[in-house]
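[1] A predicted structure for the sequence below; I have some questions about it.
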Amino acid sequence: MDPRVEQYIASAKAGLTNVHKSLKSNPTHWRSCTSAVKTSISYVDHSRIMYDPRRIEERVWILNEVQYFAYFDPDSGGVPEVTAWCEREWNRVLTTDPSHVVALTGLGSAWLSKAQYLLARIHREEKACRDIDDASAERRLHTADYVEARAMLQPAVDFFARAVENARNQGRLTGPLLEKMAEASMSLGNVSSSKAARKYFKEALLALQDATAIGYLLPRHMQQWLRETERYA
């Protein structure tokens, strides 16, 4: 092994570990970590570890840490140059192993996180206009925020579905993954037409039922959604 390469990798890991600690201890100043994250990415790129199929687990750790920062503030929509790097590198993992559950989950999480600021804006608008008729509600589905939200949430649902399928096949299915699958499906259903929404809510229902079946304790709001949906299903 080239000592310079290993030093780049070690420096990147140390930098990302420090960023994670900083975000935990001082979350309101998350933007101050941008330079450190970009420096770590530069070290990673110089090392060329992301091209080494023998070091996928290290690559995945790096990607999870960088993406943790990239979408730390959900209302920001992410840090564009950092999110783009993550997406590119997750896809590079999948070129080596198309069934890599963590990479598929990482891409699903990226698309779901990317949609959060739009979902928050839609929620505020809907809260301010509760008393609207069906025709107005239908027209609203064709406005820019709804169209863009669906364009981001559909890949999220697709990647999570692939992650769930492969995790199930590999005997590695977990509650948190099923919860994320349900969250993405519910979010997509909430910005879709009634007809399309039924399909996504059904997918969310099945994911939550599977999570419960393997003993996973759902968050309270999802427990409530599951009880109410099962009652009327």
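    Received it, and whenever you're ready, just let me know what you need. The structure presented is a predicted model; accordingly, all values stated were derived computationally and were not measured. Numbers count the residues shown, from 1 in each chain.
[2] tell me which element the residue most central in space within the chain is part of?
    With distances taken as CA atoms, centre = their mean, S109 lies nearest the centre of the chain, 1.0 Å away. Following DSSP states H and E, one finds S109 within helix 101-114.
[3] Using PDB, list the CA coordinates for that helix.
    C-alpha atoms of helix 101-114 as PDB (Å, rounded to 0.1, in the frame of the first residue of the first chain):
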ATOM      1  CA  VAL A 101     -28.300  -2.700   0.400                       C
ATOM      2  CA  VAL A 102     -26.500   0.200   2.100                       C
ATOM      3  CA  ALA A 103     -25.800   1.900  -1.300                       C
ATOM      4  CA  LEU A 104     -29.400   1.500  -2.400                       C
ATOM      5  CA  THR A 105     -30.500   2.800   1.000                       C
ATOM      6  CA  GLY A 106     -28.100   5.700   0.700                       C
ATOM      7  CA  LEU A 107     -29.500   6.700  -2.600                       C
ATOM      8  CA  GLY A 108     -33.100   6.300  -1.300                       C
ATOM      9  CA  SER A 109     -32.300   8.500   1.700                       C
ATOM     10  CA  ALA A 110     -30.600  11.100  -0.500                       C
ATOM     11  CA  TRP A 111     -33.700  11.500  -2.700                       C
ATOM     12  CA  LEU A 112     -36.000  11.500   0.300                       C
ATOM     13  CA  SER A 113     -33.900  14.100   2.000                       C
ATOM     14  CA  LYS A 114     -33.700  16.200  -1.100                       C
END
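[4] Which parts of it count as buried, going by neighbours?
    Residues 101-114 are the ones in helix 101-114 that count as buried (16 or more other CB atoms under 10 Å). From N, CA and C alone the C-beta is placed, and that goes for glycine too.
[5] Please identify which pair of these lies farthest apart.
    Greatest spacing in these, by CB to CB: V101 and K114 (20.3 Å).
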